[in-house]
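Trainee: Provided below are the primary sequence and the corresponding predicted coordinates.
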Amino acid sequence: MLIPIEFLQVVLIRWASLTIRLLANMVAGHIMLVVFIGLTHGLLFSGSWLVAVSPFAGALAIGIYGFEIFVAAPQAFIFTILAAVYIQMATSDEH
């Protein structure tokens, strides 16, 4: 009974969890960038007093870009460590 569950865990579930985690972090950062760059664009072409606020939205977009780079390093480290642990667990002899 446990053999199919363990097989699915080793072959599919662990790798899917790594992939979904990495994809979700990348997509979230990109969506935040698109929102703030779109906000900057919308404020610049609004034709009202809100044009004065657009540099702040642009600065937020640059700040979020820096934050996305900051988050990428720990995510790459965690992805690498978890992949190595999963490979080690899949290839080791059970006790």
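Mentor: Nice, I can see it.

Trainee: can you map out the helices along the chain?
Mentor: 2-8, 14-44, 54-91 (DSSP state H).

Trainee: mind putting the ones you listed in TSV, mean neighbour count included?
Mentor: C-beta: built from backbone N, CA, C; applies to glycine. Formatted as TSV, these follow (neighbours: other C-beta atoms under 10 Å):
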stretch	mean neighbour count
helix 2-8	9
helix 14-44	14
helix 54-91	13
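
Trainee: adding mean pLDDT, write these out as TSV.
Mentor: Below are the helices of the chain laid out as TSV (pLDDT from 0 to 100):
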stretch	mean pLDDT
helix 2-8	83
helix 14-44	86
helix 54-91	86
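
Trainee: middle-most residue in the chain, spatially?
Mentor: residue 25 (1.3 Å; C-alpha atoms, centre = their mean).

Trainee: with adjacent residues omitted, what lies nearest to that one?
Mentor: residue 75 (5.3 Å; C-beta to C-beta, 6 or more residues apart in numbering).

Trainee: so what touches stretch 63-78?
Mentor: Residues lying outside stretch 63-78 but in contact with it, judged by C-beta atoms under 8 Å, 6 or more residues apart in numbering, are 21, 22, 25, 29, 30, 32, 33, 36.

Trainee: tell me how far that stretch is from the chain's mean position?
Mentor: With C-alpha atoms, centre = their mean, to the nearest Å as the basis, stretch 63-78 stands 8 Å off its chain's centre.

Trainee: do stretch 82-95 as well
Mentor: Going by C-alpha atoms, centre = their mean, where stretch 82-95 is centred and where its chain is centred differ by 25 Å.

Trainee: one more: stretch 54-70?
Mentor: Counting by C-alpha atoms, centre = their mean, stretch 54-70 comes out at 16 Å from the chain centroid.

Trainee: now that stretch - C-alpha only, CSV.
Mentor: Extracted in CSV, the C-alpha atoms of stretch 54-70 (Å, rounded to 0.1, in the frame of the first residue of the first chain):
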residue,chain,number,x,y,z
SER,A,54,4.2,59.3,-10.9
PRO,A,55,7.9,59.6,-9.9
PHE,A,56,7.1,58.0,-6.5
ALA,A,57,5.3,55.1,-8.3
GLY,A,58,8.4,54.7,-10.5
ALA,A,59,10.6,54.7,-7.5
LEU,A,60,8.5,52.0,-6.0
ALA,A,61,8.8,50.0,-9.2
ILE,A,62,12.6,50.3,-9.0
GLY,A,63,12.5,49.3,-5.3
ILE,A,64,10.4,46.3,-6.0
TYR,A,65,12.8,45.3,-8.8
GLY,A,66,15.6,45.4,-6.2
PHE,A,67,13.5,43.4,-3.7
GLU,A,68,12.9,40.8,-6.4
ILE,A,69,16.6,40.5,-7.0
PHE,A,70,17.1,40.2,-3.2
